[in-house]
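S.K.: Below is the structure, and that's it, no one-letter string:
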């Protein structure tokens, strides 16, 4: 980005040794970036400070500062009242890594991440393809798919928890339809609970994926599918060979958001399963573990250490994903869309 | 340059404004013009409870013209978090609801509570009695006064019991098992709010109360080791009882006190015959009946005797809600604590909250059958244990909760409960 200061796009060339070098195109005619930057006046600096200041303050105050405080508290045994005094070094971290409840929670996060990709991806792509054509009642379908995403998690959680209880509406409907055998303890049954959770997550978040994919599809030039049609490609061939590959960057970004969301999943599980049953039902996550062990057990130091662990796990996965999956997308962007 | 100067000026104004607000935010009751102002937090946001505190504070102010008390009602579930933030940030209310146990101990350790040992009047001590006063003490010093006694036991529907042919409240575990069989035949099992975990854990606590001697309970509170075989017996008793499937369907994902589908709601709507709960339950059940009036056929019986244990079969378990003064509170705070334990205020408290007042002088006003039954059990009890999760602190209490839920879910075993407690010790 910085090489764009001169107002010209950057080009990548290869020098004699084959090493890639970047150079601002037309550097001779426009003043070098450094000189321009030095030229920024007081007024402009003040403007920058005033305009970005509040956002920066908020970011430092509500993101950076809490992260640092969590790291600090994580080194203490602390009941949450007064100033922490009992420094225990890395003890909390050692306990976390040895705690089987944490291992289970991490495993559930992994399951949720993978199942989210496998379930939501194909469903969302099919729906997006459907909505990308002229269909009757298109806007109604769009609204129906997107509404769950807009509703607050708390409301979604409370509503599904009530409906899926053993004496809830879902079982009542099944029984009145004569399907008594299908009535289940949807929430507490260990082999069923994770699928109940996946159903609710899919129902809630598929709309978001559909919107992303639709936007991605609208960016694909019309001429490509027209050309394919001229060549005699069927609808499915066109989608498979043209739409899907060109949707790649969108899918990869969506998958990234989905994975990070799965790693930080908290509210739905906490509302539907509560503080304790989540771990017996097999739906606990690292975040619910953090709240149960930190807040409910009043081990605030320990809870903060868990928060730090979640932070680093998310960070590492995000960096690895950026490095190996998103790399070609971002490179393409920087080099002007190769 | 002009913008810089403006900025500097703004900064000065902003800083001095902060400074001024810091001064005016001084609510710790320092004498300004002879009057004392105190902040008071309680959790009765609506109805007769709110009216009770409004009137009590107004009466106190009338008797003490130099004292001004500002009331703030905080929703029950929000109270602990808000209070913790206020205490840590140095802007604590002067008087506030105290739940006792491990939380109170942590507040004491952090130097956030006022030691009111010498401020409690002789009349108060006499009216409350040593046993109840101990619920507000840490290392022999008083940091809170109780306002109500809330022992646990079974809250049941007399009508449903009669319809199922259960004529007398169960006095032994055998009685209870027989009653459950009859009630289940009518489709009215025991309600249990397993989602909140602590109601499930109460079952283990009561079995432990019957299995373990008082000495064992006290020793565990000190060293937090649960090696005595009675802890295992309590688990085995609970496991055997749970194996008869006495609870409502889906009890693991039923909450305790919220809405008609909760365990209290099931009792309130005659979908379940009884639940094991503390003496705040009549009020909760009343708020969940169709007309939000007290359940007319509500009854109470204490946890039945269990064969083969070291505990006294008449021992009872329960807690006590109390009120504390923060460390910076003025001395008038203790006057207020003494005032809320006077006979008239205590009688009004009982009427407002439908709970047994801690003052023995006010207990004569109790008229409801079920509250009389509670009082009867309470007065007959050779000793009263506090809720075990309160006694052993939130850390161990939380682990006990987890272990019991696992046991009832069929995931863990009795040894798992003991293991969970040991694991918890590593985290706290």
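M.R.: Yep, that arrived. Being a predicted model, the structure only gives us computed values, none of them experimental.

S.K.: C-alpha from now on. contacts and neighbour counts both.
M.R.: Fine.

S.K.: Look up the closest residue to the closest residue to chain A within the stretch 151-300 of chain B, ignoring the ones flanking it.
M.R.: Relative to chain A, the nearest point of the stretch 151-300 of chain B is residue B:250 (4.8 Å; CA to the nearest CA). Leaving aside its chain neighbours, residue B:250 sits nearest to residue A:166 (4.8 Å; criterion: CA to CA, 6 or more residues apart in numbering or on different chains).

S.K.: The one you found: how many residues sit nearby?
M.R.: By other CA atoms under 10 Å in any protein chain shown, 24 other residues sit near residue A:166.

S.K.: try residue A:173
M.R.: When neighbours are defined as other CA under 10 Å, residue A:173 has 13 of them.

S.K.: for the chain, what spans make up the strands?
M.R.: If you meant another chain, say so; for now it's chain A. Assigned by DSSP state E, chain A shows strands spanning A:10-14, A:20-24, A:76-77, A:86-87.

S.K.: hmm, I had chain B in mind actually
M.R.: So, for chain B - with DSSP E - the strands run B:36-42, B:67-73, B:95-98, B:137-138, B:141-142, B:144-151, B:153-157, B:190-191, B:274-277, B:298-301, B:316-325, B:356-357, B:384-385.

S.K.: thinking in terms of the whole chain, how far from its middle is the fifth one?
M.R.: Here the centre of mass of C-alpha atoms in strand B:141-142, compared against the chain's by CA atoms, centre = their mean, to the nearest Å, lies 19 Å away.

S.K.: cool, the first one as well?
M.R.: The offset between the C-alpha centroid of strand B:36-42 and the centroid of the whole chain comes to 22 Å, using CA atoms, centre = their mean.

S.K.: Give me the nearest residue to residue B:369, chain neighbours excluded.
M.R.: Nearest to residue B:369 is residue B:299, by CA to CA, 6+ apart, at 7.1 Å.

S.K.: which bits of chain B sit near chain A?
M.R.: Neighbours of chain A within chain B, by CA under 8 Å from any CA of the partner chain: B:84, B:87-88, B:106-107, B:110-112, B:194-197, B:249-250, B:252-254, B:261, B:394-399, B:401-402, B:405-406, B:409, B:411, B:426-428.

S.K.: what bits of chain B have low per-residue confidence?
M.R.: Filtered on pLDDT under 70, chain B yields the residue ranges B:1-33, B:428.

S.K.: Residue 263: neighbour count?
M.R.: Defaulting to chain A. Neighbours of residue A:263 under the rule other CA under 10 Å: 24.

S.K.: looking at chain B here, not the other one
M.R.: Neighbours around residue B:263, by other CA under 10 Å: 30.

S.K.: how much space between the most centrally placed residue in chain A and chain B?
M.R.: Geometric centre of chain A, nearest residue: residue A:257, 2.5 Å, by CA atoms, centre = their mean. To chain B, residue A:257 is 30 Å away according to CA to the nearest CA, to the nearest Å.

S.K.: Smallest gap between the stretch 51-200 of chain B and chain A, at which residue?
M.R.: Closest point on the stretch 51-200 of chain B to chain A, by CA to the nearest CA, is residue B:110, at 4.8 Å.

S.K.: my guess is that residue meets residue A:81, correct?
M.R.: Yes - using CA atoms under 8 Å, residue B:110 makes contact with residue A:81 at a distance of 5.8 Å.

S.K.: So those two - more neighbours on which side?
M.R.: residue A:81 (23 against 18).

S.K.: Can you name the residues that contact residue A:213?
M.R.: Contacts for residue A:213 were tallied using CA atoms under 8 Å, 6 or more residues apart in numbering or on different chains; they are A:124, A:125, A:128, A:247, A:250, A:251.

S.K.: Name the member of these with the shortest distance to chain B.
M.R.: Within these, the smallest distance to chain B is 31.0 Å, found for residue A:124 (CA to the nearest CA).

S.K.: Next, the contact list for that closest one, please.
M.R.: So residue A:124 contacts A:206, A:207, A:209, A:210, A:213 (CA under 8 Å, 6+ apart).

S.K.: before we move on, what about residue A:131?
M.R.: A:138, A:142, A:214.

S.K.: Export those as a markdown table, with columns for distance to residue B:234.
M.R.: Below are the contacts of residue A:131 laid out as a markdown table (distance: CA to CA, whole Å):
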| residue | distance to residue B:234 |
| --- | --- |
| A:138 | 61 |
| A:142 | 56 |
| A:214 | 60 |
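
S.K.: Show the buried residues in those.
M.R.: Buried members of these, counted by 16 or more other CA atoms under 10 Å in any protein chain shown: A:142, A:214.

S.K.: between the contacts of residue A:131, which is nearest residue B:62?
M.R.: For the contacts of residue A:131, the closest approach to residue B:62 (CA to CA) belongs to residue A:142, at 63.7 Å.

S.K.: Taking the stretch 1-150 of chain A, what residue is nearest to chain B?
M.R.: Nearest residue of the stretch 1-150 of chain A to chain B (CA to the nearest CA) works out as residue A:82 at 4.8 Å.

S.K.: which residue sits closest to that residue, ignoring its sequence neighbours?
M.R.: residue B:110 is the one closest to residue A:82 (CA to CA, 6+ apart), at 4.8 Å.

S.K.: Just the buried ones from the residues of chain B next to chain A?
M.R.: So, by 16+ other CA under 10 Å, the buried ones in these are B:84, B:87-88, B:106-107, B:110-112, B:194-197, B:249-250, B:252-254, B:261, B:394-399, B:401-402, B:405-406, B:409, B:427-428.

S.K.: So which of those sit within helices?
M.R.: Using DSSP state H, the members of these that fall in helices are B:84, B:87-88, B:106-107, B:394-399, B:401-402, B:405-406, B:427.

S.K.: for those, which one is nearest residue B:378?
M.R.: residue B:397 (23.7 Å).

S.K.: dump the residue contacts of the closest residue to residue B:237 other than its chain neighbours.
M.R.: Using CA to CA, 6+ apart and skipping residues adjacent in sequence, the residue nearest residue B:237 is residue B:207, 6.8 Å away. By CA under 8 Å, 6+ apart, the contact set of residue B:207 is B:234, B:235, B:237, B:238, B:306.

S.K.: Which pair in those residues has the greatest spatial separation?
M.R.: B:235 and B:306 (12.7 Å).

S.K.: what residues does chain A put near chain B?
M.R.: A:77-83, A:92, A:95, A:162, A:165-167, A:185, A:187-188, A:272-277, A:280, A:296-299, A:302.

S.K.: Low-confidence ranges, the stretch 51-200 of chain A, go.
M.R.: Low-confidence segments of the stretch 51-200 of chain A (pLDDT under 70): none present.

S.K.: May I see the buried residues of stretch B:290-297?
M.R.: Neighbour count says stretch B:290-297 has B:294, B:295 buried, by 16+ other CA under 10 Å.

S.K.: Compute the first-to-last residue distance for that stretch.
M.R.: Stretch B:290-297 has an end-to-end distance of 14 Å (CA to CA, to the nearest Å).

S.K.: contacting residues around it?
M.R.: With contact meaning CA under 8 Å, 6+ apart, stretch B:290-297 is reached by B:157, B:158, B:159, B:268, B:269, B:282, B:283, B:285, B:286, B:287, B:289.

S.K.: Would you reformat these as TSV and include neighbour count and distance to residue B:130?
M.R.: As requested, the contacts of stretch B:290-297 are arranged in TSV below (neighbours: other CA atoms under 10 Å in any protein chain shown; distance: CA to CA, whole Å):
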residue	neighbour count	distance to residue B:130
B:157	22	34
B:158	20	35
B:159	16	38
B:268	31	35
B:269	18	39
B:282	24	26
B:283	18	27
B:285	26	31
B:286	21	31
B:287	21	33
B:289	20	37
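
S.K.: so which residue of the stretch 201-338 of chain A comes closest to chain B?
M.R.: Counting by CA to the nearest CA, the stretch 201-338 of chain A gets nearest chain B through residue A:297, at 4.4 Å.

S.K.: residues touching the nearest residue to that residue once chain neighbours are set aside, list them.
M.R.: The spatially closest residue to residue A:297, leaving aside those adjacent along the chain, is residue B:395, at 4.4 Å (CA to CA, 6+ apart). By CA under 8 Å, 6+ apart, the contact list for residue B:395 reads A:297, A:298, A:299, B:424, B:425, B:428.
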